[in-house]
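>>> Provided below for reference: sequence and predicted model.
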Amino acid sequence: MALSPLIERYDQLILDLDGCVWIGPEPIPGSIEAIAALRAAGKRIVFATNDPRHSAEDFVRKLWSLGAQASPADVVTVGGAVQHLLATTRPNRTAFVIGTEVMVEHVRSAGLRVLNGTDLASRAEVVIVAGTDRVTYDDLRNAALSVRRGADLIGTSRDPTYPMPDGPWPGTGALLAAVETAAERRGVTVGKPEPQLFATALDRLGDGRTLVVGDRLDTDIAAAAAARLDSALVLTGGTSAEQAAQAGERPEGEPRPSIVAASLGELVNGSP
């Protein structure tokens, strides 16, 4: 399958997953074929995701199950980025984690002692907030109390939602906002729109002209701008055509993508 003239100009691509390659358990029409066409044409690909709920191996298994080839080296996760940050800046501290067991394991592997489920949970030195559908009021309470007592507050991202077949579901940003509101302190984030995930992706890809493809102006396109990379916005996830048209019109607004396409399939192959 021939690539579009636009994509032919690039040596490598950084692809988002949720809202770009799939929505929930199902691939977006044309996305798997687009990935195959990129690989057949010799384009290098790395997937970079703000989804903290799963490991790189989980994403690889899902890609293969949908028909797309990938290896763990092809996937950069925000969980891995958090682990690297904690290991280099906060080893041997105590932590309270809002997130899945995957994120808890990232924190443990960074050398921190996780206090979840102990009497000291509200006295952690570091609080990490990541997306999960198993959050409780006690989790929010322990996180907020720890932050009020001086703990560092780190979120994996500020994504308010993530796309699902029946509509957007609350994302990490919604949980982080709850903790920030209760603690009356703003945390820092590691994932997009911070450029670190793309810096890691570029380390794996090597030199070459790079295009970032994502579905959110406030994360994917903003991170591409921060990393000084060209970007393409696809309209299959978190951004409407109207929002895309208005991007860049306000000085404080989201940056404008280099390209807007209906889908990854249209972007890569020139057809839906």
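Perfect, thanks for sending it.
>>> ranges for the helices of the protein?
Taking DSSP state H to define them, one finds helices in the chain at 5-8, 31-40, 56-66, 78-89, 101-109, 137-148, 172-183, 196-205, 222-226, 241-246, 264-269.
>>> out of those, which gets nearest to Leu17?
Evaluated over the helices of the chain, closeness to Leu17 peaks at helix 56-66, with 6.6 Å, by C-beta to C-beta. All C-beta spots, glycine's among them, are computed from the backbone N, C-alpha and C.
>>> which other helices and strands contact the closest one?
Packing partners of helix 56-66 (3 or more C-beta pairs under 8 Å, 6 or more residues apart in numbering; DSSP states H and E): strand 44-49, strand 75-77.
>>> mind putting these into TSV with mean neighbour count, distance to Leu202 and mean pLDDT?
Formatted as TSV, the helices and strands packed on helix 56-66 follow (neighbours: other C-beta atoms under 10 Å; distance: least, C-beta to C-beta, whole Å; pLDDT from 0 to 100):
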stretch	mean neighbour count	distance to Leu202	mean pLDDT
strand 44-49	22	8	98
strand 75-77	26	10	97
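>>> in this structure, which helix or strand is least confident?
Sorting the helices and strands of the chain by mean pLDDT, DSSP states H and E puts helix 241-246 at the bottom, at a mean of 89.
>>> quick one: contacts of it?
Under the contact criterion C-beta atoms under 8 Å, 6 or more residues apart in numbering, helix 241-246 has outside partners 217, 233, 235, 253, 257, 260.
>>> could you give the separation of that helix from the chain centroid?
Using C-alpha atoms, centre = their mean, to the nearest Å, the distance from the centre of helix 241-246 to the centre of the chain it belongs to is 22 Å.
>>> alpha carbons only: can I get it in CSV?
These are the backbone C-alpha positions of helix 241-246, laid out as CSV (Å, rounded to 0.1, in the frame of the first residue of the first chain):
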residue,chain,number,x,y,z
ALA,A,241,-12.7,19.3,13.9
GLU,A,242,-14.0,22.6,15.3
GLN,A,243,-11.4,22.5,18.1
ALA,A,244,-8.7,21.7,15.7
ALA,A,245,-9.7,24.6,13.5
GLN,A,246,-9.5,27.0,16.5
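>>> buried residues in it?
243-244 (16 or more other C-beta atoms under 10 Å).
>>> for stretch 103-112, same thing?
Residues 103-107, 110, 112 are the ones in stretch 103-112 that count as buried (16+ other C-beta under 10 Å).
>>> that's all I had, so thanks and see you.
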